[in-house]
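K.L.:
Have a look; sequence and predicted model below, questions after that.
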Amino acid sequence: MPSKVNPKFYNSKHWRNLERIIYERDEGKCQMCGKHVEMIFITTKHGGYYRIHGAVDHIVELNETNINNPEIAYGENNLQLLCHDCHNTKTFKKPRTAQGLRFDENGDLVKEWWRWPRNNTRKSSKY
């Protein structure tokens, strides 16, 4: 499981600018599977910002002990563009499954709870 890093780091203007630079460098393609990663502009009352539908990922995982090392935290050689599926597989060490399915803590394949009808209160069920 990844270490907790202060959310202010990822919401900083410097990080958001760096996300855009990495997105452009990697030509909008996931560096693991090659899938296109979309970037959108979100308008706010103060202008707006770009958001990536994926993640700019730290190759060497960022944590409390190395967050002050600029080569790890902000170094372009330590950053890569990943789609959501590849980022979650790498970061959380969980294998990809069909949409709406996941492996539970026992390794059983289960349906995600939000895939069930609204009147069903089960959080997950063996598939």
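P.N.:
Sure thing, it's come through.
K.L.:
contacts and neighbour counts: CA atoms only from here.
P.N.:
Noted.
K.L.:
For burial, what's the neighbour tally of the closest residue to residue 66 other than its chain neighbours?
P.N.:
If the residues on either side of it in the chain are set aside, residue 66 comes closest to residue 72, at 6.9 Å by C-alpha to C-alpha, 6 or more residues apart in numbering. Using other C-alpha atoms under 10 Å, the number of residues around residue 72 comes to 19.
K.L.:
Please tell me the pLDDT value assigned to residue 72.
P.N.:
If you check residue 72, the pLDDT there is 93.
K.L.:
Equivalent analysis for residue 115, please.
P.N.:
Each residue has a pLDDT score; the one for residue 115 is 39.
K.L.:
Now tell me what touches stretch 66-79 from outside.
P.N.:
If you take C-alpha atoms under 8 Å, 6 or more residues apart in numbering as the criterion, stretch 66-79 is touched by 5, 15, 18, 22, 56, 57, 58, 59, 60, 62.
K.L.:
Flag every buried residue along it.
P.N.:
By 16 or more other C-alpha atoms under 10 Å, the buried positions in stretch 66-79 come out as 67, 72, 73, 74, 76, 78, 79.
K.L.:
got a markdown table for those residues, with secondary structure and distance to residue 40 too?
P.N.:
Below are these laid out as a markdown table (DSSP: H, G, I helix; E, B strand; the rest coil; distance: C-alpha to C-alpha, whole Å):
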| residue | secondary structure | distance to residue 40 |
| --- | --- | --- |
| 67 | coil | 27 |
| 72 | helix | 26 |
| 73 | helix | 24 |
| 74 | coil | 22 |
| 76 | helix | 21 |
| 78 | helix | 24 |
| 79 | strand | 20 |
